[in-house]
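In: attaching a predicted model along with its sequence, questions to come.
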Amino acid sequence: MSATTNQPMRLAIVCPGRGSYVESSMRTLPADHPWVREAEELRRELDLPSLVELDTAERFSGALHLRPANVSPLIYLISMLDAAAARERGEVVVVAGNSMGWYTALAVTGALSFADGLRLVQVMSLLQEEVRGGGQLLYPVVDEQWRADPAARARVLEALASSDGHALLSIDLGGYLVLAGDDEGVRHLKRALPPLELGRMRYPLQLMQHGPYHTPFVSSVSDAARERLADLEFRRPNATLVDGAGRRHSPWSADTQVLRDYTFGAQVTEPYDLAASLHVLLREFAPDRLVLPGPGNTLGGIVAQALIAEGWRGVHDRAAFMAAQDAPEPFVDSMRR
């Protein structure tokens, strides 16, 4: 409940993308949960390894656990379980997601059933594996206090402009940009972007087993998905969805054909603007708390940077955000660490 009223706490859920499952995420799947059993049945039908066995393996293997066809359903299951638990904490008024998190957001809001959401995630990951070459790189456009650094953003845009179409913007996270390209484009970005350190990380950072998603380089995935997933049943969501262009799809006005077209079209081949999604989520819904389902906590800093960019409730830098998080009613609730 809200600290100041008797009304339920108004929650915004932001679902993570592919990079969120890491070694510390292992051994968290409840093997007897109906959703996990349903996922295991689908995996058997597709002749894919057991997710429970992957999750309980003796050691973490990047090649195995981060394979798109394995990591995507692992993330989907954990995010769905956490989102279900979040509903016990208050009223979910709006849901967004980063990249693959859009598929999870569809299921969290009931725009897709759990089963259809699972199949969407699994099939899309298999189709993405068929894309040969290219990749994604991560580059920060904020300073040490997580404030916007316009000069860094300008350098990234210059690098993209000089790539002769071989590198494109993939995801705008606000504080970081994800860049994608074919093999030549990835090499160009590594040359063109000045190396830098932020926190303990060095950039540009190439993302492991990530293809050139959210660009025309993966248009074949879009075409194949429309055919293989034509029978998915899209429905109006039970809470407002905010997509990767910052558009709202409400329980009262959502057009299921628009949801379908976006999911198989622009969501795949055009840049995903999580920064715009968070901007709309905050300004239009003013939630009491942002809830970040697991696995991991990859969106913690990203969401914090969005709050800083908005000056949310007087938060204008990293130190102020950390102080707000130490208060009895923090802005952001990360369900996994």
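Out: Nice, thanks for sending it over.
In: in this protein, which helix is the longest?
Out: Longest among the helix segments of the chain by residue count, using DSSP state H, is helix 68-86.
In: for it, buried residues please.
Out: 68-83, 86 (16 or more other Cβ atoms under 10 Å). All C-beta spots, glycine's among them, are computed from the backbone N, C-alpha and C.
In: what strands line up against the helix or strand just after that helix, and which way round?
Out: With elements assigned by DSSP states H and E, the helix or strand that comes after helix 68-86 is strand 91-97. Strand pairing for strand 91-97, using DSSP bridges, gives strand 10-15 (parallel), strand 240-242 (parallel).
In: how about strand 91-97 as CSV, C-alpha atoms only?
Out: Only the C-alpha atoms of strand 91-97 are listed here, as CSV (Å, rounded to 0.1, in the frame of the first residue of the first chain):
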residue,chain,number,x,y,z
GLU,A,91,-1.9,-2.2,-9.0
VAL,A,92,0.1,-2.6,-12.3
VAL,A,93,-0.9,0.4,-14.4
VAL,A,94,1.7,0.3,-17.2
VAL,A,95,4.2,-2.2,-18.6
ALA,A,96,7.1,-1.7,-20.9
GLY,A,97,10.1,-3.8,-21.8
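In: and the contacts of the helix or strand following that strand?
Out: Downstream of strand 91-97, the next assigned helix or strand under DSSP H and E is helix 101-108. With Cβ atoms under 8 Å, 6 or more residues apart in numbering as the test, helix 101-108 has contacts from 13-17, 75-76, 79-80, 83, 92, 95-97, 111-114, 116-118, 120-121, 124, 234, 237, 239, 241, 243-244, 259, 263, 267, 272, 293.
In: helices along this protein, start to end?
Out: 34-45, 51-55, 62-65, 68-86, 101-108, 114-129, 150-161, 183-192, 219-228, 256-264, 266-269, 274-285, 300-310, 318-325.
In: next up, the contacts around residue 96.
Out: 12-15, 102, 105, 241-243, 274, 277-278, 281.
In: leaving out sequence neighbours, find the closest residue to the residue most central in space within the chain.
Out: Against the mean C-alpha coordinate of the chain, by Cα atoms, centre = their mean, the closest residue is residue 98 at 2.3 Å. Among residues not flanking residue 98 along the chain, residue 17 sits closest, at 4.2 Å (Cβ to Cβ, 6 or more residues apart in numbering).
In: and residue 138, by the same measure?
Out: In space, residue 138 is closest to residue 205, 4.5 Å off (Cβ to Cβ, 6+ apart).
In: and that neighbour, what pLDDT?
Out: pLDDT for residue 205: 97.
In: so how far is residue 147 from it?
Out: 20 Å (Cβ to Cβ, to the nearest Å).
In: one step back: next up, the contacts around the residue nearest to residue 138.
Out: 137-139.
In: low-scoring stretches of the chain, by residue?
Out: Along the chain, the model assigns pLDDT under 70 to residues 1-5.
In: re the thing from before, got a quick ChimeraX command for the buried subset of the contacts of helix 101-108?
Out: Of the contacts of helix 101-108, the buried ones go into a single ChimeraX selection, burial set by 16+ other Cβ under 10 Å:
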select :13,14,15,16,17,75,76,79,80,83,92,95,96,97,111,112,114,116,117,118,120,121,124,234,237,239,241,243,244,259,263,267,272,293
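In: now the terminal residues of stretch 243-261, how far apart.
Out: With Cα to Cα, to the nearest Å as the measure, the ends of stretch 243-261 fall 12 Å from one another.
In: tell me how far that stretch lies from the chain's centre.
Out: 17 Å (Cα atoms, centre = their mean, to the nearest Å).
In: residues making contact with that stretch?
Out: 96, 99, 102, 106, 111, 214, 232, 234-242, 262, 266-267, 270-274, 276-277, 279-280, 284.
In: from those residues, list the buried ones, please.
Out: In those, the ones that pass as buried (16+ other Cβ under 10 Å) are 96, 99, 102, 106, 111, 214, 232, 234-237, 239-242, 262, 266-267, 270-274, 276-277, 279-280.
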